[in-house]
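Engineer: Predicted structure and sequence below. I'll ask about it afterward.
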Amino acid sequence: MKPARLIMTLFTAVALSMPLASAASAAPEASGHHHTLRAAAPKGFYIGSAVAGGGHHENQPYPDPFTSDRPYRKVLAAEFSSVSAENQMKWEYIHPERNRYNFGTADAIVRFAQQNRQVVRGHTLLWHSQNPEWLEKGQFTKDELRAILREHITTVVGRYAGKIQQWDVANEIFTDAGALRTADNIWIRELGPGIIADAFRWAHRADPRAKLFFNDYNVEGVNAKSDAYHALIKDLRAAGVPVHGFSAQGHLSLDYGFPDDLERNLKRFAALGLQTALTEVDVRMTLPASGVPTEAQLRQQADYYQRMLTACLNVSTCRSFTIWGFVDKYSWVPVFFQGQGAATVMWDDFSRKPAYHVLRSTLAERR
Ligand code: G3I
């Protein structure tokens with residue numbers, strides 16, 4: 001741990017009157033007695049984390065977390081019953097050249113999940129971001145592009161057939177105003193909105209058992225964007241397109257209010273016959289000059305986590321709740337939002353924040 005981080009952690013532990021020994025107890029206890037999130041969870045309810053690696057991690061002064069950090073892997077295995085590839089199944093990683101796939105890390109994640117009795121969420125197949133340059137700048141004809149997407153989905157979904165519980169087939173296809181991203185999403189721009197239905201059909205053919213999702217941020221509440229999803233999914237299902245789920249990412253910030261209508265929103269999607277999920281939960285905050293969150297911030301953060309989990313637990317079709325990383329040192333938040341951070345449920349040494357404890361007790365109450 002970097003000295004500055006260590007000082008921060010020590011300071012925070014004292015400030016919260018948490019004995020530092022609690023850092024040691026963060027190591028996964030032997031199974032049973034609800035000492036971990038997954039042990040506390042009700043039967044059939046999946047509590048997940050993103051698997052850190054790729055993306056922003058590549059510019060950070062530490063080696064790849066998933067492949068190099070053994071304590072990290074231990075906590076990942078002990079605490080969670082579902083894992084999502086943070087970056088490793090995205091196009092730029094898994095399909096770096098037109099005629100070459102790179103399955104190494106994605107395979108390792110799926111293997112890790114099987115060894116630890118975890119399910120996997122696949123992320124993602126049709127998105128505007130993190131596409132390789134060969135694709136974005138390729139000057140392909142429409143027929144070629146269509147064939148490229150079809151081949152990609154068939155290959156990637158087919159490779160993990162039977163091993164992925166939920167796929168984020170289409171990610172972030174609407175703007176906050178509820179308009180399709182026709183400018184920056186290469187697939188929709190070049191091939192029209194009909195390509196979305198095709199993506200779901202191809203994915204379903206490649207793995208009939210995987211549940212196929214739309215996934216986005218800023219769709220926790222009822223708003224223009226979630227309305228757009230609701231209308232689109234209703235139409236697609238009426239047309240027999242294999243869409244099985246709708247998920248809200250759940251990237252919240254203490255600088256904004258909590259979306260009180262989260263449960264109501266999930267329920268209207270459930271009413272369409274869909275599975276629902278929270279897939280990328282974290283709660284960031286503007287940090288004080290010290291860089292250390294105040295007790296009040298930590299309490300409010302725990303409250304946001306708890307309310308998101310409770311909303312999901314209150315919806316019968318919401319059986320999957322995933323956090324976007326569990327330890328602050330690997331979080332994407334400080335990289336993207338200057339002055340913000342502390343968004344996850346564990347300090348850098350894997351000791352547990354109030355948010356962790358409240359998640360675990362909320363799960364245990366529903367067991
Ligand atoms: O591609 C550029 C490369 O050209 C450039 O040289 C390099 C230098 O900074 O950056 C590269 O971009 C990086 C990108 O991953 C692709 O590897 C970004 O810096 C990096 O910040 C980015 O991070 C990932 C981000 O998705 C990209 O959108 C994060 O690790 C990942 O946690 C994050 O995850 C997303 C979900 O997939 C979807 N929902 C939102 C969530 C948080 O942003």
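Structural biologist: Here it is on my side, so go on. Numbering: from 1, shown residues only.

Engineer: drop to CA atoms for contacts and neighbour counts, all remaining ones
Structural biologist: Will do.

Engineer: what does the protein put close to the ligand?
Structural biologist: Contact residues, the chain versus the ligand (C-alpha under 6 Å from any ligand atom): Gly55, His56, Glu86, Gln130, Trp332.

Engineer: tell me the contacts of the third one?
Structural biologist: This points to Glu86. Ala50, Val51, Ala52, Gly53, Gly54, His123, Trp324 (C-alpha atoms under 8 Å, 6 or more residues apart in numbering).

Engineer: quick one: it and Gly158, what's the gap?
Structural biologist: 20 Å (C-alpha to C-alpha, to the nearest Å).

Engineer: can you check Ala296 too?
Structural biologist: Applying C-alpha to C-alpha, the value for Ala296 to Gly158 is 47 Å.

Engineer: again with Ala238
Structural biologist: Taken as C-alpha to C-alpha, the span from Ala238 to Gly158 is 26 Å.

Engineer: neighbour-wise, which of these two wins?
Structural biologist: Neighbour count, other C-alpha atoms under 10 Å: between Ala238 and Gly158, Gly158 has more, with 18 against 9.

Engineer: In this structure that one contacts Pro208, no?
Structural biologist: No: at 9.8 Å, Gly158 does not count as touching Pro208 under the criterion of C-alpha atoms under 8 Å.

Engineer: Low-confidence stretches in the stretch 1-150 of the chain?
Structural biologist: The model of the stretch 1-150 of the chain has pLDDT under 70 over residues 1-33.

Engineer: mind checking the backbone torsions on the residue of the chain most remote from its centre?
Structural biologist: Distance from the centre of the chain peaks at Thr141, with 32.9 Å (C-alpha atoms, centre = their mean). Dihedral angles of Thr141 (phi, psi; degrees, to the nearest 10) stand at phi -70, psi 170.

Engineer: Count the residues that sit near His56.
Structural biologist: 15.

Engineer: excluding its backbone neighbours, what's nearest it?
Structural biologist: Computed as C-alpha to C-alpha, 6 or more residues apart in numbering, the closest residue to His56 that is not its neighbour in sequence is Trp332, at 6.6 Å.

Engineer: What are the neighbouring residues in contact with the closest residue to the ligand within the stretch 1-150 of the chain?
Structural biologist: Of all residues in the stretch 1-150 of the chain, Gly55 sits closest to the ligand, with a separation of 3.1 Å (C-alpha to the nearest ligand atom). Residues near Gly55 by C-alpha under 8 Å, 6+ apart: Asn87.

Engineer: What of the one 10 residues further on?
Structural biologist: Taking C-alpha under 8 Å, 6+ apart as the contact definition, Pro65 lies against Ala52, Gly53, Tyr72, Tyr330.

Engineer: Need the max-distance pair from these.
Structural biologist: Gly53 and Tyr72 (11.8 Å; C-alpha to C-alpha).

Engineer: No further questions, thank you.
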